[in-house]
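Chemist: Sequence and predicted structure are below.
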Amino acid sequence: MTFVVLDRVTKRFGKVLAVDNVSLSIEKGEFVVLLGPSGCGKTTTLRMIAGLEIPTSGRIYIDGRDVTYLEPGERDVAMVFQDYAIYPHMTVFENIAFPLEIRRRKLRLTKRDIEEKVLQVAKMLQIDHLLDRKASQLSGGQQQRVALARALVREPKVWLMDEPLSNLDALIRLQVRAELKRLQKDLGITTIYVTHDQVEALTLADRIAVMNAGRVVQFGTPKEIYDAPTHVFVGTFVGNPPMNILKCKPAGDVLECPGFTIKNPGVKQTVFFGIRPEYIEWSDKEQPGYIKGLVYVVEPIGSEYLINVKIADVLLKIKTLREVSLKPGDSIYFKFDMKKAVLFDEETGNVVI
Ligand code: ATP
């Protein structure tokens, strides 16, 4: 069931086109992440859903109701934003309990119910030992978790979150990320989450909307976004390291790429050949059908290795779990997993095969 709809939403700030004709249909209970580089329009999109900005054109619907011009308070959404505003003079407990206190009658909550809910969410975010502390006496990361707790303590129609984990230490961030995903799945609250961190997007989302320059470039599951990017931008923005992108020109039956050729599947224009670093087989010995390159440098990354290979005048990255004892200047032989390769149009960036 479609629950949140953005229908051709555009937002201009004077001459700046912040959001450009964005349409999205989000299902009830879905966790959707808006992912993209700084300035691509993620926050503005979220603020329009929240009611903090009015679209220049287009419509926004929540649960079948046109909310485009409604006040934030009339939309039944809970938000947590990067510049988390908590009440400094209140305790942590009072801050988290606040959204429940103001709805106490409507939700028919007893004092005990509120205490239980606050404690539950505070435990989840590892701030239960701070409940009596004044919010002003907390670290940035603790304050951010209080803001998150305040959003999570009630069950609105939609949770809206803008980089809610950005100020947390690496370890706590991982723990809170997992807790957040679990809670969202348990309660089934439709969630729209903004981040520029692709790992956060891939781990949390049911579907990711990749944005660039005010537009949604691709909207799909993490697997679709990772394995089947429909635009070169998605291939190069998602993945660590990103997709290898090599420019190839058609020449009869083949595509001429830097240092090698591949079968031309029928394209007539110059294309970008895209292949993820982990979808390249390699060997230190010559093999039939393998392409020869020279090792530029090898980077160990924990349990994996990243081999930088020079072919013609370009560098290719190969990611492997196998132990690598190659040195710079050594010959290396490699083969692409062509089932995982993608071709993008050089001019439009759109996928062609
Ligand atoms: P970040 O990750 O850096 O927060 P973002 O993807 O969330 O970036 P937005 O904050 O939505 O991007 O901004 C999109 C564009 O709109 C940017 O060019 C930004 O400078 C511009 N913009 C946003 N808010 C305003 C405003 N109130 N007035 C003028 N321009 C704005």
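Modeler: Arrived safely. Residues are numbered from 1 along each chain as shown.
Chemist: Give me the helices and strands touching the longest helix seen in the chain, please.
Modeler: Assignment by DSSP state H gives helix 170-187 as the longest helix of the chain. The elements that helix 170-187 packs onto, with contact taken as 3 or more Cβ pairs under 8 Å, 6 or more residues apart in numbering; DSSP states H and E, are strand 31-35, helix 140-152, helix 198-204. In this view, the C-beta of every residue, glycine as well, is placed from N, C-alpha and C.
Chemist: ok now stretch 337-344, how far from the chain's centre?
Modeler: On the basis of Cα atoms, centre = their mean, to the nearest Å, stretch 337-344 sits 23 Å off its chain's mean C-alpha point.
Chemist: and that stretch, C-alpha only, in CSV?
Modeler: Presented in CSV, the C-alpha positions along stretch 337-344 are these (Å, rounded to 0.1, in the frame of the first residue of the first chain):
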residue,chain,number,x,y,z
ASP,A,337,32.8,-11.3,-14.7
MET,A,338,30.8,-10.1,-17.7
LYS,A,339,27.4,-11.0,-16.1
LYS,A,340,28.2,-8.2,-13.6
ALA,A,341,29.4,-5.6,-16.1
VAL,A,342,27.4,-2.6,-17.1
LEU,A,343,27.6,-0.2,-20.0
PHE,A,344,26.6,3.4,-19.7
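Chemist: Run a quick neighbour tally on Cys61.
Modeler: Just so we're on the same page, residue 61 is Tyr rather than Cys. 16 (other Cβ atoms under 10 Å).
Chemist: how about the nearest residue to it, chain neighbours excluded?
Modeler: Val5 (4.2 Å; Cβ to Cβ, 6 or more residues apart in numbering).
Chemist: how close does the one you found get to the ligand?
Modeler: Distance check for Val5 against the ligand: by Cβ to the nearest ligand atom, to the nearest Å, it reads 19 Å.
Chemist: now Gly29
Modeler: With Cβ to the nearest ligand atom as the criterion, Gly29 and the ligand are 25 Å apart.
Chemist: ok, now how distant is that residue from Glu304?
Modeler: Here Gly29 is placed at a distance of 35 Å from Glu304 (Cβ to Cβ, to the nearest Å).
Chemist: if we can go back for a sec, pLDDT at the residue nearest to Tyr61, what is it?
Modeler: pLDDT, Val5: 98.
Chemist: Pull up the gap between it and Pro241, please.
Modeler: 36 Å.
Chemist: higher neighbour count, those two?
Modeler: Neighbour totals were compared for Val5 and Pro241, and Val5 leads with 18 against 15 (other Cβ under 10 Å).
Chemist: ok, and for the longest helix of the chain, which residues are buried?
Modeler: For helix 170-187, the neighbour count (16 or more other Cβ atoms under 10 Å) marks Ile172, Arg173, Val176, Arg177, Glu179, Leu180, Leu183, Gln184 as buried.
Chemist: For the stretch 51-200 of the chain, which residues are neighbours of the ligand?
Modeler: Taking Cβ under 6 Å from any ligand atom as the contact definition, the stretch 51-200 of the chain meets the ligand at His196.
Chemist: now the strands for the stretch 51-200 of the chain?
Modeler: Secondary structure of the stretch 51-200 of the chain (DSSP state E, counting those that start in this stretch): strands at 57-62, 65-66, 77-80, 158-162, 190-195.
Chemist: Report the backbone C-alpha coordinates of the fourth one in CSV.
Modeler: Listed in CSV are the C-alpha atoms of strand 158-162, where the atom choice follows Å, rounded to 0.1, in the frame of the first residue of the first chain:
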residue,chain,number,x,y,z
VAL,A,158,6.1,8.6,9.5
TRP,A,159,9.6,9.0,11.0
LEU,A,160,11.8,11.5,9.2
MET,A,161,15.5,11.5,10.0
ASP,A,162,18.3,13.6,8.7
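Chemist: tell me the contacts of whichever residue of the stretch 51-200 of the chain sits closest to the ligand?
Modeler: The ligand sits closest to His196 of the stretch 51-200 of the chain, with a gap of 5.1 Å, by Cβ to the nearest ligand atom. Neighbouring residues of His196 by Cβ atoms under 8 Å, 6 or more residues apart in numbering: Leu35, Gly36, Pro37, Ser38, Lys42, Glu163.
Chemist: Using JSON lines, lay out these together with pLDDT and distance to Glu101.
Modeler: Shown next, in JSON lines, are the contacts of His196 (pLDDT from 0 to 100; distance: Cβ to Cβ, whole Å):
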{"residue": "Leu35", "pLDDT": "98", "distance to Glu101": "35"}
{"residue": "Gly36", "pLDDT": "97", "distance to Glu101": "36"}
{"residue": "Pro37", "pLDDT": "96", "distance to Glu101": "39"}
{"residue": "Ser38", "pLDDT": "94", "distance to Glu101": "37"}
{"residue": "Lys42", "pLDDT": "97", "distance to Glu101": "31"}
{"residue": "Glu163", "pLDDT": "95", "distance to Glu101": "27"}
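Chemist: distance of Leu52 from Gly14?
Modeler: On the measure of Cβ to Cβ, Leu52 and Gly14 end up 18 Å apart.
Chemist: what does Ile172 give?
Modeler: To Gly14, Ile172 is 39 Å away according to Cβ to Cβ.
Chemist: in the stretch 251-353 of the chain, which ranges drop under the pLDDT threshold?
Modeler: Within the stretch 251-353 of the chain, the stretches with pLDDT under 70 are 353.
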